[in-house]
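J.: mind folding the following:
(chains A and B)
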Number of protein chains: 2
Amino acid sequence: MSKALERRAKLREALILAAERSIAAKGLSGLKTRDLAREIGCANGAVYNLVEDMDELTLRVGSRTLARLDASLTGAESNGPASPTETLVRIAVTYCDFAAANLELWRALFEHRMTPGKPIPDWAIDEQMALFAHIYRPLAALFPKRTAVELGVTARSLFSAVHGMVTLGLEQKLIAVPIDALRAEIAIMVRAMIDGLALTSPQ
Amino acid sequence: MSKALERRAKLREALILAAERSIAAKGLSGLKTRDLAREIGCANGAVYNLVEDMDELTLRVGSRTLARLDASLTGAESNGPASPTETLVRIAVTYCDFAAANLELWRALFEHRMTPGKPIPDWAIDEQMALFAHIYRPLAALFPKRTAVELGVTARSLFSAVHGMVTLGLEQKLIAVPIDALRAEIAIMVRAMIDGLALTSPQ
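T.: Model prediction:
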């Protein structure tokens, strides 16, 4: 790698880390090119030599958040033997804990909207979809007669339901819940969903 | 009522309706005092003789949205006899339909944050909590041995789970789902949750 390319790669990494710290501290809406440029010591306009636009920058930060979430979920799965149902409970509770511990970075994953007309790049979609494997695998063990498409739909529904409980539970609004109570409720509802689905599923 | 008070009441109503149209068209982030003042024909500053601040204005619009949601849910409940479980399915699917048909006004209910340090007024909390009765009643019929507190927790969990499915399903992001598929998935998951909860609940 040439010196110039090496310097650019380092500066790009510094930019992404600065954006991550900014989102963690002030949320996605507080992210400002000017602040980031000052922090990494480059001109405002030079930021766009490092990333295409704010969409790419936000997605790169999201990529780091997803990688840490992936590591947390993998840790939960390998934390001693468990039935597929209890693996799903662990995954759901770990998702809740991750969201609570990384509140603004986690919110940014869902708040970010691409500039109108611009599609989400394939690499970002692939990273997001890869996380569903954590839900898909235990579901496939529980419901071996279901097709891949059916399991995909169930994985999405289960994730969305848990995501809703985490989102509203962590909000400081209407239905804020202490984290221990929230974890317990999530465990109860995941078991109920799996038990209920098993009642009507071909085994 | 004096002429002056009458005129103020009419102008206040016009302001709330103008804010409702603005949110429906452009979302909560597009709401601007200046535009509303122009639309109802008063000076910018005069808006704050009509409502306390933008928080109150947004909550008043939310109050109208909640009243229409309440009417939709009541309609769903009285749409022919149904078991408590099927009543809950109807309520969940009606919630999904309402969100799809009132996307920006529905989103505004959850996106709105009070000015830091300012509590949500009691009247707004009461209106929000009143809607939980739609979920609470069929749950109480299904689980007569549960205490009011336990039923309240379950109602909250069930609502949050369905809300998550609706939110992520209606997003034009990762896991957007055609509305008919979303309605079917919600029905399946509500039945599963209720059936699963019944397995472990004292009857």
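J.: rest of the way, CA atoms for contacts and neighbours
T.: Fine.
J.: is chain B within reach of whichever helix or strand A:Ala92 is part of?
T.: If you go by DSSP states H and E, A:Ala92 is part of helix A:84-101. No - using Cα under 8 Å from any Cα of the partner chain, helix A:84-101 stays clear of chain B, with a minimum separation of 12.4 Å.
J.: elements contacting the helix or strand following that helix?
T.: Following helix A:84-101 in sequence order, the next helix or strand is helix A:103-111 (DSSP H and E). Secondary-structure packing of helix A:103-111 (3 or more Cα pairs under 8 Å, 6 or more residues apart in numbering or on different chains; DSSP states H and E): helix A:3-26, helix A:54-77.
J.: how about a cut-off of 7 Å?
T.: Contacts defined by 3 or more Cα pairs under 7 Å, 6 or more residues apart in numbering or on different chains; DSSP states H and E place helix A:103-111 against helix A:3-26.
J.: okay, angle between the helix it packs on and helix A:54-77 too, please.
T.: Calculated by axes from the mean of the first three to the mean of the last three Cα atoms, to 10 degrees, helix A:3-26 forms an angle of 70 degrees with helix A:54-77.
J.: just how off-centre is whichever helix or strand comes after helix A:3-26 within its chain?
T.: Sequence order places helix A:33-40 as the next helix or strand after helix A:3-26, per DSSP H and E. Counting by Cα atoms, centre = their mean, to the nearest Å, helix A:33-40 is centred 25 Å from the centre of its parent chain.
J.: go on, stretch A:129-139?
T.: Using Cα atoms, centre = their mean, the offset of stretch A:129-139 from its chain centre is 13 Å.
J.: any residue of it touching chain B?
T.: No - figure legend: stretch A:129-139 not in contact with chain B (Cα under 7 Å from any Cα of the partner chain); closest approach 8.0 Å.
J.: can you list the buried residues in that stretch?
T.: For stretch A:129-139, the neighbour count (16 or more other Cα atoms under 10 Å in any protein chain shown) marks A:His134, A:Ile135, A:Tyr136, A:Pro138, A:Leu139 as buried.
J.: closest to B:Ser63 among these?
T.: Among the buried residues of stretch A:129-139, A:Ile135 lies closest to B:Ser63 (Cα to Cα), at 37.8 Å.
J.: what confidence value was assigned to that closest one?
T.: We note a pLDDT of 96 for A:Ile135 in this prediction.
J.: for it, which non-adjacent residue is spatially closest?
T.: Spatial nearest neighbour of A:Ile135, excluding adjacent residues (Cα to Cα, 6 or more residues apart in numbering or on different chains): A:Ala155 at 5.8 Å.
J.: next one: A:Pro138
T.: Using Cα to Cα, 6+ apart and skipping residues adjacent in sequence, the residue nearest A:Pro138 is A:Pro84, 4.7 Å away.
J.: next up, the contacts around the most centrally placed residue in chain A.
T.: Closest to where the C-alpha atoms of chain A average out (Cα atoms, centre = their mean) is A:Leu66, at 4.7 Å. If a contact means Cα atoms under 7 Å, 6 or more residues apart in numbering or on different chains, then A:Leu66 has no contacts.
J.: again with A:Ile40
T.: By Cα under 7 Å, 6+ apart, the contact set of A:Ile40 is A:Ala14, A:Leu15.
J.: up against chain B, what does chain A have?
T.: A:157, A:160-165, A:168, A:185, A:189, A:192-193, A:195-197.
J.: circling back: how about a markdown table for the buried residues of stretch A:129-139, with distance to B:Ala71 and secondary structure added?
T.: Rendered in a markdown table, the data for the buried residues of stretch A:129-139 read as follows (distance: Cα to Cα, whole Å; DSSP: H, G, I helix; E, B strand; the rest coil):
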| residue | distance to B:Ala71 | secondary structure |
| --- | --- | --- |
| A:His134 | 40 | helix |
| A:Ile135 | 37 | helix |
| A:Tyr136 | 38 | helix |
| A:Pro138 | 40 | helix |
| A:Leu139 | 38 | helix |
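J.: could you list the low-pLDDT ranges of chain A?
T.: For chain A, the stretches with pLDDT under 70 are A:172-176, A:201-203.
J.: run the last query once more with 80
T.: The model of chain A has pLDDT under 80 over residues A:1, A:172-177, A:201-203.
J.: starting at the chain centroid, how far to stretch A:108-124?
T.: Distance, centroid of stretch A:108-124 to centroid of chain: 13 Å (Cα atoms, centre = their mean).
J.: try stretch A:101-109
T.: 8 Å.
J.: count the neighbours of the residue nearest to A:Pro138 for me.
T.: A:Pro84 sits with 18 neighbouring residues when counted by other Cα atoms under 10 Å in any protein chain shown.
J.: just to revisit the earlier point, need the contact partners of the helix holding A:Ala92.
T.: A:69, A:73, A:76-77, A:106, A:135, A:138, A:141-142, A:162, A:166, A:170, A:183, A:186-187, A:190-191, A:194.
J.: coming back round to it: highest neighbour count among the residues of chain A next to chain B?
T.: For those, neighbours were counted by other Cα under 10 Å; the highest total belongs to A:Ala161, with 30 neighbours.
J.: any idea how far A:Ile91 lies from A:Arg191?
T.: A:Ile91 is 12 Å from A:Arg191, where distance means Cα to Cα, to the nearest Å.
J.: check A:Pro178 too.
T.: A:Pro178 is 20 Å from A:Arg191, by Cα to Cα.
J.: many thanks, we can stop here.
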